[in-house]
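*Asks:* The following block contains a protein sequence and its predicted model.
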Amino acid sequence: MSRTVEARADRFALNRPFRISRGVRTAAEVVTVEISAGGHIGRGEGVPYARYGETVDSSLAEIEAARSAVEAGADRIQLLSLMRAGAARNAVDCALWDLEAKTARRGVASLIGAPAPAALPTALTVVIDTPEAMAEAAAAIADAPLIKVKVEASEPLAMIRAVRAAAPDAALIVDPNESWDEALVRSAMPVLAECRVAVLEQPCPAEQDGWLADFTGPVPICADESVHTVADLGDVAARYQAINVKLDKTGGLTAALDLARAARERGLGLMSGCMVCSSLGIAPALHIACMADWADLDGPLWLAEDRPGGVRESGGIMHPPAEGFWG
């Protein structure tokens, strides 16, 4: 069956600025892939990330380089060697999953051999601001079961305490996005425990996390930037207690499933994460969220306008997209 691959850049304005330790984002810049065959169209989305040396243009170039092989029939397993792990492969891989599901008239969950995604708690994010402003933002979502707190090296403990005071019952994920150093991690642990933080996500730069192999604290630490694929898992498992699986890091759902399963086999905790993206990037990630301890999939909630038929959120509970949206 012949295929046609189309790829384009899409831009989604945000409904408010998204600030983390690396800077502020006001729009989500994504690549969208559509693969047509036999009267069906499979769709996928990837979010190029500068932290990993990606741009929209470089991702589109990667997809173009693989186009002839994909159009000739390369499958998801062959794609693992055709393209590097990253946003471009994620978009193609997820489009192939969607196409396969539509062609077979079976849901992706059935192809995986797992239950279909259902409504589940997702973290709602409080981005970096003054402690007072972060408390106000947290108070507005205090009934949510899970809140992610973005912090940096300046005033992080005041930020965390402010959010905890405003949302006394929610589980907290604290995410410095690599902005802390070893001394700050060690000194912050008593406050993290005091504030009943569920997990600390990637506090230090990935290139400077070796010391974690000899560290045990009262709050588990989750790898994000330090882990992309199964190949990273050996070192990561010696340093962290959990990992964040993002399809834009693994290069698609195929590799993400491998990583999530391998992490579970090692006894690691599991987070299902995302970039700031549309619901087309979240629909495949829901299959990882079904396996995870924490879901952090609120990317589309930051968009001024999502793709039609996408996910819905109410009270920190995320509902899957409309039937036929993806997979």
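*Replies:* Good, I have the coordinates. Numbers count the residues shown, from 1 in each chain.
*Asks:* Make sure E29 is actually in contact with A9.
*Replies:* Yes - E29 is within contact range of A9, at 6.9 Å (criterion: C-beta atoms under 8 Å). In short, each C-beta sits where N, CA and C put it, glycine included.
*Asks:* Please enumerate the shared neighbours of those two.
*Replies:* V56 (C-beta atoms under 8 Å, 6 or more residues apart in numbering).
*Asks:* quick one: which of the two has more around it?
*Replies:* E29 (18 against 14; other C-beta atoms under 10 Å).
*Asks:* Please identify the buried residues of the helix or strand that one falls within?
*Replies:* Following DSSP states H and E, one finds E29 within strand 23-37. For strand 23-37, the neighbour count (16 or more other C-beta atoms under 10 Å) marks 25, 28-37 as buried.
*Asks:* Closest one of the residues you listed to V108?
*Replies:* If you rank the buried residues of strand 23-37 by distance to V108 using C-beta to C-beta, I35 comes first, at 14.6 Å.
*Asks:* give the contact list for that closest one.
*Replies:* Per C-beta under 8 Å, 6+ apart, neighbours of I35: 3-6, 41-42, 44, 70, 92, 95-96, 99.
*Asks:* what separates it from G42, distance-wise?
*Replies:* Plainly put, I35 is 5 Å away from G42 if you go by C-beta to C-beta, to the nearest Å.
*Asks:* got the contact list for A133?
*Replies:* A133 neighbours (C-beta under 8 Å, 6+ apart): none.
*Asks:* For the helix or strand hosting it, list every residue counted as buried.
*Replies:* Assigned by DSSP H and E, A133 belongs to helix 131-140. Neighbour counts over helix 131-140 (16+ other C-beta under 10 Å) mark 131, 134-135, 137-138 as buried.
*Asks:* next one: stretch 254-262
*Replies:* Those would be 254-260, for stretch 254-262 by 16+ other C-beta under 10 Å.
*Asks:* contact partners of that stretch?
*Replies:* Contacts for stretch 254-262 (C-beta under 8 Å, 6+ apart): 76-77, 79-80, 85, 89, 93, 97, 112, 227, 229-230, 233, 243, 245-247, 250, 270, 272, 284-285, 287-288, 291-292.
*Asks:* Next: stretch 301-310.
*Replies:* In contact with stretch 301-310 (C-beta under 8 Å, 6+ apart) are residues 12-16, 18, 28, 124-125, 276, 278-280, 282-283, 300, 313, 321-322, 324-325.
*Asks:* of those, buried ones?
*Replies:* 12, 14, 18, 28, 124-125, 276, 278-280, 282-283, 300, 313, 321, 325.
*Asks:* ok so, going back, could you dump the buried residues of stretch 254-262 into a markdown table and include secondary structure and distance to S154?
*Replies:* A markdown table is the format used below for those (DSSP: H, G, I helix; E, B strand; the rest coil; distance: C-beta to C-beta, whole Å):
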| residue | secondary structure | distance to S154 |
| --- | --- | --- |
| T254 | helix | 40 |
| A255 | helix | 36 |
| A256 | helix | 33 |
| L257 | helix | 38 |
| D258 | helix | 38 |
| L259 | helix | 33 |
| A260 | helix | 34 |
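*Asks:* for the stretch 101-250 of the chain, what spans make up the strands?
*Replies:* With DSSP state E, counting those that start in this stretch as the criterion, the stretch 101-250 of the chain has strands at 120-121, 124-126, 146-150, 171-175, 197-201, 221-223, 242-245.
*Asks:* Just put those in JSON lines and tack on mean pLDDT and distance to V163.
*Replies:* As requested, the strands of the stretch 101-250 of the chain are exported to JSON lines (pLDDT from 0 to 100; distance: least, C-beta to C-beta, whole Å):
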{"stretch": "strand 120-121", "mean pLDDT": "98", "distance to V163": "17"}
{"stretch": "strand 124-126", "mean pLDDT": "98", "distance to V163": "6"}
{"stretch": "strand 146-150", "mean pLDDT": "98", "distance to V163": "5"}
{"stretch": "strand 171-175", "mean pLDDT": "98", "distance to V163": "7"}
{"stretch": "strand 197-201", "mean pLDDT": "98", "distance to V163": "10"}
{"stretch": "strand 221-223", "mean pLDDT": "98", "distance to V163": "18"}
{"stretch": "strand 242-245", "mean pLDDT": "98", "distance to V163": "20"}
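*Asks:* If you count neighbours, what's buried in the top helix by length along the chain?
*Replies:* Counting by DSSP state H, the longest helix found in the chain is helix 87-104. Residues of helix 87-104 classed as buried: 87-102 (neighbour count, 16+ other C-beta under 10 Å).
*Asks:* Just give me the closest of those to A61.
*Replies:* A88 (8.2 Å).
*Asks:* My read is that that closest one contacts V31, right?
*Replies:* Yes - counting by C-beta under 8 Å, A88 touches V31, with 6.6 Å between them.
*Asks:* joint contacts of these two?
*Replies:* 46, 48, 59-60, 63.
*Asks:* quick one: which of these sit in helices?
*Replies:* Those of those lying in helices (DSSP H): 59-60, 63.
*Asks:* C204: which of the residues you listed is nearest?
*Replies:* Distances from C204 to these, taken by C-beta to C-beta, are shortest for S59, at 27.4 Å.
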